[in-house]
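Visitor: Got a predicted structure here, sequence first:
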Amino acid sequence: MTNNVSSRIDTPTNISLSSSVAVSDSLEYKTVSVFLVLLVCGVGIVGNIMVVLVVLTTRHMRTPTNCYLMSLAIADLTVLVAAGLPNVSDSLTGTWIYGHAGCLGITYLQYLGINVSSCSITAFTVERYIAICHPMKAQTVCTVSRAKRIITGVWIFTCVYCMLWFFLVDIQVGADGHVQCGYKVKRDLYLPIYLIDFAIFYVIPLLLAIVLYALIARVLYLSPLPPHADTSATTLRRSCRDSSEAARTGRQGRPKSAASSRKQVTKMLAVVVIIFALLWMPYRTLVLINSFVSTPYLDAWFLLFCRTCIYANSAINPVIYNAMSQKFRSAFRGLYSCQRLEGNQRTPSTLQSGVGTLRDPRPVQHQGAGADEKETRGEGTFTDLTKQHNETATVNGITADHLAAIGSDGPDEPLPAGDKDLD
């Protein structure tokens, strides 16, 4: 038992561990801790669930970038549920109440969510780089089906990698009877494991993001957009989408250019990376310092600040999407009002866009001297107008339905022309 306690003091703290028992048992600390954690985790859980539902239920939101954002949302949900909620019970009771199995499983899920978040951020950073800096290659590389395969591989790799934590944590009982879930290994064994984890899931992703976003910024702000990005099919699809949305909302929106759309999407994703780096820095720095000093720094209030930053990182991403992406904002609004957005079902307003009303009082022309005079009302005019709409919406053999099924390249951006991915 003494070895377990000394082992806990000799190793860095986990994100779910408390520090000083005297401080953590105070009413002031418990009140502030429970309030902050419940507030941040509550907002984060609701927001990330909405991101997952929006991508799953809205056809035009199923894009490669949004697939990575959905993976990030699921990982953030895992962190909030596995790290945030157990911290509330730990603060209220002052002891670990989930037993040995809970200690292993919750710690495993914590690091699983953390590592998948980092990998998902790296994945959509690389996807943005290819889509903007290598647009021709993006037509075959940046597809929904490939994004699904990459996400599956990331989760499988991380699930296997995080099994290491089953052998590093255990239940520890202090001299005062407090039960904690902490590390059971000595610092000499834990240090190289943590440094590898720190490098793979924090340092390398951030360095890669800095380099790739610098290259992306050079293309977006210093070089003209590749000429294929505004081809007739892409322009037609964007105009059809804008006109149908205007008909549905009663407003005429100003369509965005491809360059401004790409800039907006890239800005949003860059903000996600910057927030990830800043909010994880206090905890990563603390654990790195505690790995080398003889007496670890375990101030209760600073640990609460570090944990709150971690939970805030997992909760703030949906807020960023809502603030910086018009498509996510309208999709969230549609999900809140329990209405299907455009692309999920065909409505009369979709047929009205670009062809006028469904009923046309004009008579058809005479086919000959003996032809009967008719007036085209109702079904006849509907058929003619539908045929005219389909002929107008066909460009190089690509129909408007086909274009709607392909989706868009990002939260506010069309795909490069020629993408045949139908997932």
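Guide: In hand now; what should we look at? Residues are numbered from 1 along each chain as shown.

Visitor: Who are the contact partners of P205?
Guide: Under the criterion of CB atoms under 8 Å, 6 or more residues apart in numbering, the neighbours of P205 are S118, C119, I121, T122, T125. In short, each C-beta sits where N, CA and C put it, glycine included.

Visitor: Try it again at 10 Å.
Guide: S117, S118, C119, S120, I121, T122, A123, T125, A199, V273, F276, A277 (CB atoms under 10 Å, 6 or more residues apart in numbering).

Visitor: Which positions within the helix or strand that contains the fourth one qualify as buried?
Guide: This points to S120. Assigning secondary structure by DSSP states H and E places S120 in helix 99-133. Of the residues in helix 99-133, 103-104, 106-129, 131-133 count as buried by neighbour count, 16 or more other CB atoms under 10 Å.

Visitor: my guess is S118 meets L206, correct?
Guide: Yes - here S118 reaches L206: they are 9.1 Å apart, a contact under CB atoms under 10 Å.

Visitor: Residues that sit against both of those two, list them.
Guide: Between them, S118 and L206 have F276, W280 as joint contacts when contacts are counted by CB under 10 Å, 6+ apart.

Visitor: pLDDT weak spots in this protein?
Guide: Under the criterion of pLDDT under 70, the regions of the chain flagged as low confidence span 1-25, 223-258, 338-423.

Visitor: just the strands in it please.
Guide: Listed in chain order, the strands of the chain (DSSP state E) span residues 169-173, 179-183, 408-410, 413-414.

Visitor: What strands flank the first one, and is each parallel or antiparallel?
Guide: Taking DSSP bridges as the criterion, strand 169-173 pairs within the sheet with strand 179-183 (antiparallel).

Visitor: Run the angle between the partner strand and helix 99-133 for me.
Guide: Here strand 179-183 runs at an angle of 50 degrees relative to helix 99-133 (axes from the mean of the first three to the mean of the last three CA atoms, to 10 degrees).

Visitor: quick thing: my sequence starts at 178, can you match it?
Guide: With the count now opening at 178, the last piece we talked about shows up as strand 356-360.

Visitor: Now strand 356-360 - C-alpha only, PDB.
Guide: Coordinates of each C-alpha in strand 356-360 appear next as PDB, following Å, rounded to 0.1, in the frame of the first residue of the first chain:
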ATOM      1  CA  VAL A 356      -9.300   5.800  -2.900                       C
ATOM      2  CA  GLN A 357      -7.800   7.200  -6.100                       C
ATOM      3  CA  CYS A 358      -7.300   5.900  -9.600                       C
ATOM      4  CA  GLY A 359      -3.600   6.600 -10.500                       C
ATOM      5  CA  TYR A 360      -0.500   5.300 -12.000                       C
END
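
Visitor: Go through it and flag the buried ones.
Guide: V356, Q357, C358, G359, Y360.

Visitor: and of the residues you listed, the nearest to Y398?
Guide: When the buried residues of strand 356-360 are compared for distance to Y398 (CB to CB), Y360 comes out closest, at 46.6 Å.

Visitor: With adjacent residues omitted, what lies nearest to L230?
Guide: Setting aside the residues directly before and after it, L230 is nearest to L512 in space (CB to CB, 6 or more residues apart in numbering), at 5.9 Å.

Visitor: list the contacts for the one you found?
Guide: Applying CB under 10 Å, 6+ apart, we find L512 in contact with I226, M227, V228, L230, V231, T234, T235, L518.

Visitor: can I get these in TSV with distance to L204 and neighbour count?
Guide: TSV is the format used below for the contacts of L512 (distance: CB to CB, whole Å; neighbours: other CB atoms under 10 Å):
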residue	distance to L204	neighbour count
I226	33	15
M227	35	19
V228	36	26
L230	39	15
V231	41	25
T234	44	15
T235	46	22
L518	48	20
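
Visitor: So L216 versus I226, what's the distance?
Guide: 17 Å (CB to CB, to the nearest Å).

Visitor: circling back to that earlier point, the residue nearest to L230 and L249, how far apart?
Guide: 18 Å.

Visitor: Which parts of the stretch 428-577 of the chain are helices?
Guide: If DSSP state H, counting those that start in this stretch is used as the criterion, the helices of the stretch 428-577 of the chain fall at 435-467, 477-501, 503-513, 525-529, 556-569, 577-583.

Visitor: The first one: which residues count as buried?
Guide: Neighbour-count burial for helix 435-467 flags 435, 438-443, 445-450, 452-454, 456-457, 459-461, 463-464, 467 (criterion: 16+ other CB under 10 Å).

Visitor: Same question for stretch 342-358.
Guide: By neighbour count with 16+ other CB under 10 Å, stretch 342-358 contains the buried residues W342, L345, V346, D347, I348, Q349, H355, V356, Q357, C358.

Visitor: Just send those residues back as JSON lines, with distance to A500 too.
Guide: Listed next are the buried residues of stretch 342-358 as JSON lines, based on distance: CB to CB, whole Å:
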{"residue": "W342", "distance to A500": "35"}
{"residue": "L345", "distance to A500": "39"}
{"residue": "V346", "distance to A500": "37"}
{"residue": "D347", "distance to A500": "43"}
{"residue": "I348", "distance to A500": "42"}
{"residue": "Q349", "distance to A500": "43"}
{"residue": "H355", "distance to A500": "42"}
{"residue": "V356", "distance to A500": "42"}
{"residue": "Q357", "distance to A500": "39"}
{"residue": "C358", "distance to A500": "36"}
